[in-house]
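Novice: Please find the sequence and the predicted model below.
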Amino acid sequence: MATEACYQAIGILQSHSFLNNFNHHQKLQIGSVKFVARDCLSSNGLPSRGSKYSGQRNYGIVRSSASQTSVVDPVSSPSRSNTGESNKKSSEAALILIRHGESLWNEKNLFTGCVDVPLSKKGIDEAIEAGKRISSIPVDVIFTSALIRAQMTAMLAMTQHRRKKVPIVMHNESEQARAWSQVFSEDTKKQSIPVVASWQLNERMYGELQGLNKQETADRYGKEQVHEWRRSYDIPPPNGESLEMCAERAVAYFRDQIEPQLLSGKNVMIAAHGNSLRSIIMYLDKLTSQEVISLELSTGIPMLYILKEGRFIRRGSPIGPSEAGVYAYTRNLALYRQKLDEMFQ
Ligand SMILES: O=C(O)[C@H](O)COP(=O)(O)O
């Protein structure tokens, strides 16, 4: 398969309270962080957003362009009084997508689908490494699938976040669950990040392939047939979901539950799966059913998008907490990171 590192999706969210905070600090130096206010210009020579790409897209390798946007930051939220009003005005937010780290069945090369398998040791390391890469990017709310490998990934990644907010799993499955998991301190709530788990973000249901070895299945049914089951848009594996079927629930969930959060200025992280994320990326990047065939996602690689003026802008994958490129995407991201530097040096 041809592999062109055409681009990498990285999401950055913007947070209004952050903007408000920093509006009071106009004198702040951006320090060594370079703010680049230009679009479609890749800092590393790779194709920029909007360029035509071909071949396989491995979002775990690609870099992307820089353009001017702003980012939210919940850092120290001393004055949140006007946050609501600010949120209404803002149309910017960061979105981080992350495929779970390697699972114990990825390690064994087994079709997994909706079987609820935990991370392998390598997957745990990948999640922690991913957390380091996004540790200076604001996160206000986390969405995960209902499967443990995505939830482990989100939680492990957040152990590395410099802001040190506590991710808390929401329990809305019953009145009692909701009542029994209430928090009664506003201050504590401000230091928390809600984690919403939903089956709609689960991996595609792989039908009768679940538990089978991928190589053995290819040997038995032929490489082409297995590739069709794994990567075509509308051909389902036996008694399983096609990508199209997976997209029907994953993209609907994204549009109904996640996009409104982003539009209100909340910075969002989604920890999910190869195919539920492929369908969401197809929606974000407006890929055709032909183009999505070559879209591959690596395990444990965070990808950043910025929502600006109703448009999702792909930003690629942050290299680390101090990588200039990511923070150059927006003034507010740079300021967010600088504020963290000042607070936690
Ligand atoms: O469910 C699985 O087996 C994997 O998570 C995704 O598999 P795929 O790359 O074969 O779609």
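Specialist: That came in fine, so what should we check first? Keep in mind it's a predicted model, so treat the numbers as computed, not measured.
Novice: okay, CA-based contacts and neighbour counts for the rest of this
Specialist: Fine.
Novice: Show me what from the chain comes close to the ligand.
Specialist: 110-113, 230, 274 (CA under 6 Å from any ligand atom).
Novice: Let me know how buried Y305 is, in neighbour terms.
Specialist: The local packing of Y305 (other CA atoms under 10 Å) involves 25 other residues.
Novice: Need the phi and psi values for it.
Specialist: Per-residue torsions, Y305: phi -120, psi 150 (degrees, to the nearest 10).
Novice: Give the next helix or strand downstream of the strand or helix carrying D125.
Specialist: For D125, the host element (DSSP states H and E) is helix 121-133. Moving toward the C-terminus from helix 121-133, the next helix or strand (DSSP H and E) is strand 141-145.
Novice: Run through the strands of the protein in chain order.
Specialist: 3-4, 41-42, 56-58, 65-66, 92-99, 141-145, 166-169, 192-198, 268-272, 295-296, 302-308, 311-316 (DSSP state E).
Novice: for the residue lying closest to Q290 once chain neighbours are set aside, what are its contacts?
Specialist: Once flanking residues are discounted, Q290 sits nearest to Y233: 7.6 Å by CA to CA, 6 or more residues apart in numbering. The neighbours of Y233, taking CA atoms under 8 Å, 6 or more residues apart in numbering as the test, are 242-244, 289-290, 292-293.
Novice: Name the surrounding residues that touch the helix holding D125.
Specialist: For helix 121-133, contacts defined as CA under 8 Å, 6+ apart pick out 100-103, 152-154, 156-161, 299-302, 318-321.
Novice: Repeat the analysis, applying 10 Å as the threshold.
Specialist: 98-104, 106-107, 118-120, 135, 137, 149-150, 152-162, 299-303, 317-323, 326 (CA atoms under 10 Å, 6 or more residues apart in numbering).
Novice: Measure how it sits relative to strand 92-99, angle-wise.
Specialist: 170 degrees (axes from the mean of the first three to the mean of the last three CA atoms, to 10 degrees).
Novice: Return the set of buried residues in helix 121-133.
Specialist: 123-133 (16 or more other CA atoms under 10 Å).
Novice: My guess is M303 contacts I313. True?
Specialist: No. Using CA atoms under 10 Å, M303 is not in contact with I313; the gap is 11.3 Å.
Novice: And stretch 162-172, what's buried?
Specialist: Using 16+ other CA under 10 Å as the test for burial, stretch 162-172 gives 162-163, 165-169, 171.
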